[in-house]
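Undergrad: Structure of the sequence below:
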Amino acid sequence: MNVNATAQAQRMLSGHPAADYLSICQRAGVLTRTPEGEFCAGDAPEPLTRAPRYFVEYAQSQLMTSPTGPGRLLAAAAPRAEVVLRATADIALPAPWEPLLTYVLWTGPAGADTPRSTDHSAMDEGGDIGLATAADEPFVQRWMEQAVSDASVLQTGTRALDGAVREQTGLILGQPGRRSLIARADGQPIGHATLDEEALDDITGVRFLELIDILVDPGHDVRAVTRRLTHAAVERADELGLPLVGHVVHQLTDPEHGPRVIGSLTARGWRPLWVYWRHPAKDA
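TA: Residues are numbered from 1 along each chain as shown. Okay, the predicted model is just below:
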């Protein structure tokens, strides 16, 4: 990362809100002050199942770590609404809180996280990586719909409502800063990395490059092609001078999967940034 990206990454890691963030929350009517600390939250149904959800976008760290703070958040939620809370990666909440998503920040040097020169399969498959063309968009649509659908099942144990996957995919692909990179084998698309080059963290006010999804079709060297697509995203972030952020989906049925993936990413130059925690509905 260049100097500017490094400084912006440090702001994100700190979790400190931008100067005007809390005043914006107050004007929107979502800021709550308690003896344990402040938080910004409101009702936000789960986008794929429409299940009731109380989303805590921001809470002061002393509130989350105090003995009574998390209880304040649960008390504010409506009955039968699960609570989702964003916390910096250094905060671990006790059960029945469980991690939902972990966002990770690229902290390695430009040119890292790429296959070794002896990894010939990586050179043979997915070696041709370029911007998606209009002819590639149906492939990108299919891959993103698959990713969104799979995430719904893994995170909630429930399939998305009819039409919700396509709607959510449309929102992702319709973002102004969306850019998709395509890996090809024998001239045919075999996988993608979809980025948002205009992502903005509302809390810290930092602009970043988000690696929204990587997916490679079965029948190819998925690991090698994934590494090449990731390397292309790292290079793009370096070109733009922006921090690169991705995420890991935690699985309900395999609680150890998320930590395994995060451990592997950490060894390759990624660093946990923030975690979205989920608490089951009080009356579920």
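Undergrad: for the strand or helix carrying residue 234, packing partners?
TA: In the assignment (DSSP states H and E), residue 234 maps to helix 222-240. Counting contacts by 3 or more CB pairs under 8 Å, 6 or more residues apart in numbering; DSSP states H and E, helix 222-240 is packed against helix 120-124, strand 128-131, strand 178-185, strand 188-200, strand 207-216, strand 244-249. The C-beta positions use only the backbone N, C-alpha and C, and glycine is treated the same way.
Undergrad: Run the chain-centre distance for the longest one.
TA: Centre-to-centre, strand 188-200 and its host chain are 13 Å apart (CA atoms, centre = their mean, to the nearest Å).
Undergrad: For it, list every residue counted as buried.
TA: Neighbour-count burial for strand 188-200 flags 189, 190, 191, 192, 193, 194, 195, 196, 197, 198, 199 (criterion: 16 or more other CB atoms under 10 Å).
Undergrad: The first one and residue 139 touch, don't they?
TA: Yes - under the criterion of CB atoms under 8 Å, residue 189 lies in contact with residue 139, with a separation of 4.5 Å.
Undergrad: Could you export the helices and strands packed on helix 222-240 as CSV, including mean pLDDT?
TA: Listed next are these as CSV, based on pLDDT from 0 to 100:
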stretch, mean pLDDT
helix 120-124, 46
strand 128-131, 93
strand 178-185, 97
strand 188-200, 97
strand 207-216, 98
strand 244-249, 98
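Undergrad: Give the rounded mean pLDDT of stretch 260-270.
TA: Here stretch 260-270 scores 96 as its mean pLDDT.
Undergrad: can you give me the end-to-end distance of stretch 61-71?
TA: One end of stretch 61-71 sits 14 Å from the other (CA to CA, to the nearest Å).
Undergrad: Contacts for it next, please.
TA: By CB atoms under 8 Å, 6 or more residues apart in numbering, the residues outside stretch 61-71 that reach it are 15, 34, 36-39, 59, 72-73, 85, 87-88, 91, 93, 97, 279.
Undergrad: try 7 Å
TA: With CB atoms under 7 Å, 6 or more residues apart in numbering as the test, stretch 61-71 has contacts from 15, 34, 36, 37, 39, 72, 87, 88, 91, 93.
Undergrad: Go through the residues you listed and give me the one with the most neighbours.
TA: Of all the contacts of stretch 61-71, the most densely surrounded is residue 39 (23 neighbours; neighbours counted as other CB atoms under 10 Å).
Undergrad: give me the beta-bridge partners of the residue most central in space within the chain?
TA: For the chain, the residue nearest the mean C-alpha position is residue 247 (3.6 Å; CA atoms, centre = their mean). Beta bridges link residue 247 to residue 103 when assigned by DSSP bridges.
Undergrad: Could you double-check that it sits in contact with residue 101?
TA: Yes - between residue 247 and residue 101 there is a contact under CB atoms under 7 Å: 5.3 Å.
Undergrad: Please name the residues that touch residue 211.
TA: Taking CB under 7 Å, 6+ apart as the contact definition, residue 211 lies against 193, 195, 233, 244, 245, 246.
Undergrad: Many thanks, we can stop here.
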